[in-house]
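Chemist: got a structure for you, letters missing:
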Ligand SMILES: Cc1cc2nc3c(=O)[nH]c(=O)nc-3n(C[C@H](O)[C@H](O)[C@H](O)COP(=O)(O)OP(=O)(O)OC[C@H]3O[C@@H](n4cnc5c(N)ncnc54)[C@H](O)[C@@H]3O)c2cc1C
């Protein structure tokens, strides 16, 4: 087949969470944008499926993220307003941990620093307010009422729909094979021809290693199992009675869950997973399904803290984290390039930043810089060893 070159202002490689957000923001700003996605939009082979994602502003991972999260609030509202679709449920998030829990301490510290409303609760307070939970002696909690969860598939679909409505061209089932910077911009080779643009945005998630080798550090895909549990007492496990919860288990991965909500659809049940547990995989290799042992491990762990939720496993799935070397994102110009920008290494906590990452990528692709406070996410930090 003869190659054809078509010219755009910006080409976005990978239309998952971050790529859809970038396409939308670029199209809103009047740019001719082409989004290229190797699978179907909304597919379940990357990092943006599974029905729910926690959104929260008390951020134990680092307080630097909080200004970005606070900006996301208006971004989510705009997405919901322009589409008429509900994406975020603000049912609150309860964080539980031992007295020395870093998650509790750092969540409280970042919340306090940026006036995010939250309450500190002792075991008696949790028991009175959320009788579903069993807390070990000496544990404590914080409750962030403005936090909750979002629907990722709906968010990606909505951003993609709005982007196309604003003029973006999104191509599904088309794989990017490589790209080069030229004297005038970018040439992108795909399995369906060549496209040209002024600048390139790489939002390839777990496939970043193949697309952005110039980062010079590994972005490691991890396969993470997820379980849905049939509650023993369903009334106690639905919004608004049950909040989203995150349990900081000493010496183990975090255990978190999302309550049942009316718009959940299939699979039914409380969604539970472990943050930090995963096996390194090749994102292109056939994906091993969640095994009965993996799902039972999640159910058993839940039973210890939340017996009302831990009935039978109703369904299981797997999803991919893309781990950066320090667990923090990279949102920056690709080292050594003029007009190539990358957002990757979301390390299992990126979804909640979708609107602001879209804005940052649009700023970078159009002007080469951004006023958003993303300096701590620079690619060069690994070379500096910081
Ligand atoms: C189990 C699980 C639970 C999570 N929970 C939370 C949570 O509670 N809160 C939170 O904030 N975050 C959470 N995350 C993290 C969050 O979901 C991710 O950080 C986010 O979805 C990453 O988006 P992305 O756009 O980088 O990747 P993706 O959405 O995977 O998008 C990358 C896209 O690029 C495409 N692509 C790759 N290579 C090519 C190519 N060569 N050509 C064309 N297309 C290509 C892929 O097909 C894919 O669609 C969770 C992740 C997992 C797996």
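Modeler: Nice, thanks for sending it over. All values derive from a computational prediction rather than experimental measurement.
Chemist: Go through stretch 210-229 and flag the buried ones.
Modeler: By neighbour count with 16 or more other CB atoms under 10 Å, stretch 210-229 contains the buried residues 211-212, 215, 219-229. In short, each C-beta sits where N, CA and C put it, glycine included.
Chemist: Keep only those of those that are in strands.
Modeler: 220-229 (DSSP state E).
Chemist: Now do the helices in this protein.
Modeler: 17-28, 66-83, 102-113, 123-129, 152-165, 208-211, 292-305, 354-367, 381-384 (DSSP state H).
Chemist: Any idea how far apart the tips of stretch 326-343 sit?
Modeler: Counting by CA to CA, to the nearest Å, you get 15 Å between the two ends of stretch 326-343.
Chemist: Establish whether that stretch and the ligand are in contact.
Modeler: No. Stretch 326-343 is not in contact with the ligand by CB under 6 Å from any ligand atom; minimum separation 6.7 Å.
Chemist: is it true that residue 138 touches residue 100?
Modeler: No. Residue 138 lies out of contact with residue 100 (CB atoms under 8 Å); the separation is 9.4 Å.
Chemist: So which of the ones in strands among the buried residues of stretch 210-229 would count as near the ligand as well?
Modeler: Among those, the ligand is touched by 224, 226 when using CB under 6 Å from any ligand atom.
Chemist: Looking at the ones in strands among the buried residues of stretch 210-229, point me to the pair that's furthest apart.
Modeler: Pairwise distances across these peak at 28.6 Å for 220 and 229 (criterion: CB to CB).
Chemist: lowest-pLDDT helix or strand in the chain?
Modeler: When each helix and strand of the chain is scored by mean pLDDT, DSSP states H and E, helix 381-384 comes last, with a mean of 82.
Chemist: now what about that helix, what contacts it?
Modeler: 215-217, 325-326, 335 (CB atoms under 8 Å, 6 or more residues apart in numbering).
Chemist: buried sites along that helix?
Modeler: Within helix 381-384, the residues scored as buried using 16+ other CB under 10 Å are 381-382.
Chemist: before we move on, the earlier item: quick check: which of the helices of the chain is buried the most?
Modeler: Burial of these is given as mean neighbour count (mean count of other CB atoms under 10 Å); helix 17-28 ranks first at a mean of 29.
Chemist: For the stretch 101-250 of the chain, give the residue positioned nearest to the ligand.
Modeler: Residue of the stretch 101-250 of the chain nearest the ligand, by CB to the nearest ligand atom: residue 205 (2.7 Å).
Chemist: Quick check, pLDDT for that residue.
Modeler: Here the pLDDT value assigned to residue 205 is 98.
Chemist: for residue 277, same thing?
Modeler: pLDDT at residue 277 comes out at 80.
Chemist: With adjacent residues omitted, what lies nearest to it?
Modeler: Leaving aside its chain neighbours, residue 277 sits nearest to residue 253 (4.4 Å; criterion: CB to CB, 6 or more residues apart in numbering).
Chemist: of all of the chain, which residue lies closest to the ligand?
Modeler: Of all residues in the chain, residue 16 sits closest to the ligand, with a separation of 1.9 Å (CB to the nearest ligand atom).
Chemist: My guess is that residue contacts residue 45. True?
Modeler: No. If you go by CB under 8 Å, residue 16 and residue 45 don't touch, sitting 9.8 Å apart.
Chemist: More neighbours: those two, which one.
Modeler: Using other CB atoms under 10 Å as the criterion, residue 16 and residue 45 rank with residue 16 on top: 28 against 19.
Chemist: Quick check: the more buried one vs residue 207, distance?
Modeler: In this view, residue 16 and residue 207 are 10 Å apart by CB to CB, to the nearest Å.
Chemist: burial measure for residue 236, as a count.
Modeler: For residue 236, using other CB under 10 Å, the count is 18.
Chemist: before we move on, what about the one 10 residues further on?
Modeler: Neighbours of residue 246 under the rule other CB under 10 Å: 24.
Chemist: Also the one 5 residues further on?
Modeler: Burial of residue 251 is recorded as 5 neighbouring residues (other CB under 10 Å).
Chemist: can you pull the pLDDT of it?
Modeler: Predicted confidence (pLDDT) for residue 251: 95.
Chemist: now the one 10 residues further on
Modeler: On pLDDT, residue 261 comes in at 97.
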